[in-house]
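J.: Below: sequence and its predicted model.
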Amino acid sequence: MANPQKKITLLISSLRGGGAQGVCVTLANGLVEKGWTVNLVVLNLNDSVYQDRLSPNVNLTNLHKGHIRTSFFALHKYLRTARPEKVVVFNHELAVLLVMIRMLTSLQFSIIARNINTLSLKRENEESFWCKYGIGFLVDVFYGRVDYVIAQSEDMKKDLIENMGFNNHDRISVINNPVNHIIEAFIKDFDFSSVRKQDYLLCIGKLEKQKAFHLAIEAFSEIVYDYPELRLKILGKGSQEHRLKVLAEKLGIYDKVDFEGFQKDVIPYYLNARATVLTSLYEGFPNVLVESIALGTPVVAFDCYSGPREIIRDGVNGFLAEHEDLEGLVECLKRTIDMRWNLKQVSETANIYKSEVIVNRYERLLSSLILPN
């Protein structure tokens with residue numbers, strides 16, 4: 001018989017490729033293995049990448065809704081039927097929707113919001129009027145009414161306290177993202193001495209303004225003639241792709257930059273790279289850095305808010321450059337390329353992010369939380 005105390009509902013928009021989706025699946029699978037009843041609710045399964053990685057023991061519900069703003073009634077119907085006690089939600093807009101449903105109906109359930117980004121910076125950098133002011137207003141009014149928040153980094157927690165009105169530290173815990181379980185399985189008995197690094201630097205992420213890949217391209221253009229065989233590989237799709245290609249052409253390095261698009265299997269890209277580069281304007285807790293070091297590949301990143309400074313150990317698993325300091329980034333890249341790295345030692349710095357460690361922390365938190373309805 002299932003333990004009624006070990007039952008949880010997870011809510012996410014989709015299972016497309018992305019950091020939050022990967023963490024959601026890792027958490028669902030990990031809790032199921034520990035005897036939890038896990039109900040995973042998604043708005044849709046369009047372009048699903050992670051569905052085939054989901055344990056068959058996870059109860060998956062598809063609401064068949066294309067957007068959060070059209071999902072109110074479908075989500076309300078699910079909640080009315082399933083009557084969950086605790087819902088872990090992987091999107092701040094969905095968290096707002098849950099709060100509104102709870103306020104407007106007789107349904108009672110606890111809302112645990114897993115914060116996926118630095119919300120104040122996300123709003124500051126929004127270009128859409130509706131996202132910046134419409135959703136921003138709703139977040140100001142309703143997000144503080146969630147019962148508990150899980151931040152991915154200490155800086156994210158600080159942002160919630162200083163800018164989002166979470167004055168009660170007892171309502172926030174910091175739990176970092178886990179290493180992707182596919183990567184964990186790959187490195188379990190892997191011999192890092194067999195790796196022969198290839199001459200390329202790697203960028204992975206959505207080709208959007210937040211990731212600022214134009215800075216990676218500019219930095220690459222400063223070092224490429226010192227390392228004639230070096231290439232830059234960029235994995236991902238997004239609205240900035242054309243602009244990035246134009247920039248590479250303008251800088252005269254288009255023939256040395258490979259736009260690889262979205263790749264489902266990123267392990268070979270990480271494993272063979274000289275380094276992984278992160279130039280984001282802001283982050284939550286960048287999975288790219290954790291995945292890279294787990295696979296023995298050092299990382300170079302701007303000290304953006306938030307995450308990189310909590311992951312990178314200078315000279316051990318990579319180097320940290322001052323935020324948006326292009327000259328500093330160039331120097332860090334050169335040091336990384338010239339340095340002889342102990343790949344196994346780089347990989348071991350990711351042990352604190354093992355999925356078992358992170359799932360255990362979630363389990364302890366979810367088991368101990370007594371939340372008001």
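T.: Now that the structure is in, tell me what you want to look at.
J.: Are we agreed that Tyr362 is in a helix?
T.: Yes: assessed with DSSP: H, G, I helix; E, B strand; the rest coil, Tyr362 lies in a helix.
J.: Look up how far Val300 lies from Ser306.
T.: Distance, Ser306 to Val300, using C-beta to C-beta, to the nearest Å: 17 Å. C-beta: built from backbone N, CA, C; applies to glycine.
J.: And these two? Which one has more around it.
T.: More crowded of Ser306 and Val300, by other C-beta atoms under 10 Å: Val300, with 31 against 24.
J.: From the chain's centroid, how far away is the strand or helix carrying Leu31?
T.: Under the criterion of DSSP states H and E, Leu31 resides in helix 19-33. Computed by C-alpha atoms, centre = their mean, to the nearest Å, the chain-centroid distance of helix 19-33 equals 12 Å.
J.: Contacts for that helix next, please.
T.: Under the contact criterion C-beta atoms under 8 Å, 6 or more residues apart in numbering, helix 19-33 has outside partners 6, 8, 10, 12, 14-15, 38, 40, 49-50, 53-55, 57-58, 88, 90-91, 114, 116, 177-178, 180-181, 284, 286-287, 355-356, 358-359, 362-363.
J.: Just after it, pick out the following helix or strand.
T.: Toward the C-terminus from helix 19-33 - assigned by DSSP H and E - lies strand 37-42.
J.: how much distance is there from that following strand to the middle of the chain?
T.: Relative to the centre of its chain, strand 37-42 is centred 20 Å away, using C-alpha atoms, centre = their mean.
J.: Compute the inter-axis angle for it and helix 19-33.
T.: Relative orientation of strand 37-42 versus helix 19-33 (axes from the mean of the first three to the mean of the last three C-alpha atoms, to 10 degrees): 160 degrees.
J.: Who are the packing partners of strand 37-42?
T.: Applying 3 or more C-beta pairs under 8 Å, 6 or more residues apart in numbering; DSSP states H and E, we find strand 37-42 packed against strand 7-12, helix 19-33, strand 59-62, helix 72-82.
J.: In helices only, show me the contacts of helix 19-33.
T.: Among the contacts of helix 19-33, the members found in helices (DSSP state H) are His181, Asn287, Ser355, Glu356, Ile358, Val359, Tyr362, Glu363.
J.: Can you give me every residue that contacts the third one?
T.: Read it as Ser355. Here Ser355 is in contact with Thr26, Gly30, Pro178, Val179, Asn180, His181, Glu184 (C-beta under 8 Å, 6+ apart).
J.: is it true that the third one touches Lys354?
T.: Yes: under the contact definition of C-beta atoms under 8 Å, Pro178 touches Lys354, with a separation of 6.9 Å.
J.: Comparing the two, which shows the higher neighbour count?
T.: Looking at Pro178 and Lys354 with other C-beta under 10 Å, you find the greater number of neighbours at Pro178, namely 25 against 15.
J.: circling back to that earlier point, could you pick out the buried ones from the contacts of helix 19-33?
T.: The neighbour count (16 or more other C-beta atoms under 10 Å) marks 8, 10, 12, 14-15, 38, 40, 49-50, 53-54, 58, 88, 90-91, 114, 116, 177-178, 180-181, 284, 286-287, 355, 358-359, 362-363 as buried among the contacts of helix 19-33.
J.: Give me the neighbour count for the residue nearest to Gly238 when sequence neighbours are not counted.
T.: In space, and not counting its chain neighbours, Gly238 is closest to Leu207: 3.1 Å by C-beta to C-beta, 6 or more residues apart in numbering. By other C-beta under 10 Å, the residues close to Leu207 number 23.
J.: so what pLDDT did Leu207 get?
T.: With respect to pLDDT, Leu207 scores 96.
J.: Backbone dihedrals for it, both of them.
T.: Note on Leu207: backbone dihedrals following degrees, to the nearest 10 are phi -80, psi 70.
J.: just checking, it touches Ala216?
T.: No: contact between Leu207 and Ala216 fails when scored by C-beta under 8 Å: they sit 11.1 Å apart.
J.: who touches both of these two?
T.: Common contacts of Leu207 and Ala216, defined by C-beta under 8 Å, 6+ apart, comprise Ile234.
J.: just the contacts of Ser355 now: which is nearest Arg313?
T.: Nearest to Arg313 among those, counting by C-beta to C-beta, is Val179 at 16.3 Å.
J.: List the buried residues in stretch 258-273.
T.: Phe259, Phe262, Val266, Ile267, Tyr269, Tyr270, Leu271, Asn272, Ala273.
J.: Now do it, average pLDDT.
T.: 95.
J.: Disregarding residues adjacent in the polypeptide, which is nearest to Arg80?
T.: Leaving aside its sequence neighbours, Arg80 sits nearest to Leu107 (C-beta to C-beta, 6+ apart; 6.3 Å).
J.: On the three-state scheme, the one you found is what?
T.: What three-state DSSP gives for Leu107 is coil.
J.: thinking it is in contact with Tyr78, fair?
T.: No: if you go by C-beta under 8 Å, Leu107 and Tyr78 don't touch, sitting 10.5 Å apart.
J.: Please identify which of those two sits among more neighbours.
T.: Just comparing Leu107 and Tyr78: by other C-beta under 10 Å the higher neighbour count belongs to Tyr78, 18 against 15.
J.: Contacts only, for the residue nearest to Arg80.
T.: Counting by C-beta under 8 Å, 6+ apart, Leu107 touches His76, Leu79, Arg80, Arg83, Ile101.
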